[in-house]
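In: show me the folded form of this:
(one chain, ligands or ions: 1)
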Amino acid sequence: MTEAPQTSGTTPAFAPRVFSGIQPSGGLTLGNYLGALKRFVEKQDEGVETIYCLVDLHAITVWQEPAKLRHATREAAAGFLAAGIDPARSILFNQSQVPAHAELAWIFNCVARMGWLSRMTQFKDKAGKNRENASVGLFAYPNLMAADILAYHATHVPVGEDQKQHLELTRDIAIKFNHDYGIEFFPIVEPVIEGAATRVMSLRDGTKKMSKSDPSDMSRINLTDDADAIAQKIRKARTDPDPLPEALDGLSERPEARNLVNIYAALADISPAAVLQDFAGQGFGAFKPALADLAVEKLRPINSEMARLMDDPAEIDRTLGGGAERAEAIARPIVERCFEITGMIRSRG
Ligand code: TYM
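Out: The predicted structure follows:
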């Protein structure tokens, strides 16, 4: 892991602290797992302080059926635990149980500029043509994301490629706040976008991101899929008729092939080049079954542990509640200090 950020030159040393989040707006996908969750576990196992959040406040920027949101939040928590997040070593909680996030987001609503948010490609994609009808929350969402991170003075944020622009905005907000108030209060965070699967693509279209909101379930692997579903989706994944090349540049015009090679590499913890060493010259008739076997081997234990944990939702809620208390203990003094810096009177007993 890289050192705590030095970027601003004047930023005092902040202790390394990892923060990241996932929206519980549907089931977790293989993209969430390889791009984020698996990496969260690695950070935890490196021994650095790790804080992970199910961002339920973000989820409601688009309509969520309340019962489904509750279920998806518990299921995502089960996914974290099943993938190896240990609530004794990492803080795991849901965002709405720690009010500091929403409070700091308000301050950041007043720091970030309309122009900055208007440039966010994720807003443009999600709002589509019907911008007038998008929620204000969807527009202001990156400010809440900055608050999630900065309420903990987190220094490192592991994410997939699609979150890069939001993290640049987080840095801009921290820099502007520090500048406007003349104090080096917020760290300038480092995006941690690493590994072979920072952008897992749809199994139906190698130019589109694998996403829980894609209407086609065949486009993604869900962490709740059983072995048959996983194997079938990989078997039916779109590919081309050519054999796999010897070197990576042979994949540059073959997005579907590149995606499957990257998925294999990330699941096997090897580099994409090493995958090609093993499979060069072979077609998808050989590669797909090998990938399906690997995916089933790696995902089945997670899948069955998730199902076991979901049998006891009260226990999941207790874990999230305990995590929220620990998160609150870190965020509360930071947000109080931020209010003081901005000139708010804090005089309650
Ligand atoms: P979300 O919920 O869309 O995705 C959660 C994490 O999974 C990664 N990811 C992927 N990685 C590789 N390939 C894919 N196809 C893929 N799909 C998703 C995302 O990059 C992300 O790391 N705004 C965030 C949630 C958030 C957050 C935060 C993240 C809220 N506050 C603070 C970090 C820090 C989001 O919507 O992620």
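In: CA atoms for contacts and neighbours, from now on please.
Out: Noted.
In: now residue 78: closest residue in space that isn't a chain neighbour?
Out: Nearest non-adjacent residue to residue 78, counting by C-alpha to C-alpha, 6 or more residues apart in numbering: residue 306, 5.1 Å away.
In: which helices and strands does whichever strand or helix holds residue 72 pack with?
Out: Assigned by DSSP states H and E, residue 72 belongs to helix 66-83. Counting contacts by 3 or more C-alpha pairs under 8 Å, 6 or more residues apart in numbering; DSSP states H and E, helix 66-83 packs against strand 49-54, helix 284-310, helix 313-342.
In: which residues sit against the helix or strand just after that helix?
Out: Sequence-wise, the next helix or strand downstream of helix 66-83 (DSSP H and E) is strand 90-94. Strand 90-94 has contacts (C-alpha atoms under 8 Å, 6 or more residues apart in numbering) with 44, 49-56, 73, 77, 319-324, 326-327.
In: just checking: what are the partner strands of strand 90-94?
Out: If you go by DSSP bridges, strand 90-94 pairs up with strand 49-54 (parallel).
In: and the lowest-mean-pLDDT helix or strand in the chain, what's buried?
Out: Lowest on mean pLDDT, DSSP states H and E among the helices and strands of the chain sits helix 121-127, with a mean of 91. Judged by neighbour count using 16 or more other C-alpha atoms under 10 Å, the buried positions of helix 121-127 are 122, 123, 124, 127.
In: packing partners for the following helix or strand past it?
Out: Using DSSP H and E, the next helix or strand after helix 121-127 towards the C-terminus is helix 136-150. In terms of contacts (3+ C-alpha pairs under 8 Å, 6+ apart), helix 136-150 is packed against helix 56-59, helix 100-109, helix 114-118, helix 121-127, helix 164-181.
In: closest one to the ligand among the ones you listed?
Out: helix 56-59 (6.5 Å; C-alpha to the nearest ligand atom).
In: residues contacting the nearest residue to residue 266 once chain neighbours are set aside?
Out: Distances taken as C-alpha to C-alpha, 6+ apart put residue 196 closest to residue 266, at 5.4 Å, once the chain neighbours are dropped. Applying C-alpha under 8 Å, 6+ apart, one finds that residue 196 lies in contact with 262, 263, 265, 266, 271, 272.
In: and residue 196, how far from the ligand?
Out: With the distance defined as C-alpha to the nearest ligand atom, to the nearest Å, residue 196 ends up 9 Å from the ligand.
In: pLDDT value on that residue, please?
Out: Predicted confidence (pLDDT) for residue 196: 93.
In: contacting residues for residue 335?
Out: With C-alpha under 8 Å, 6+ apart, residue 335 has these contacts: 100, 103, 104, 151.
In: can you name the two of those residues that are farthest apart?
Out: 103 and 151 (9.5 Å; C-alpha to C-alpha).
In: so if I had to pick from these two, which one is more boxed in?
Out: Remark: of residue 103 and residue 151, residue 151 carries more neighbours, 27 against 16, as counted by other C-alpha atoms under 10 Å.
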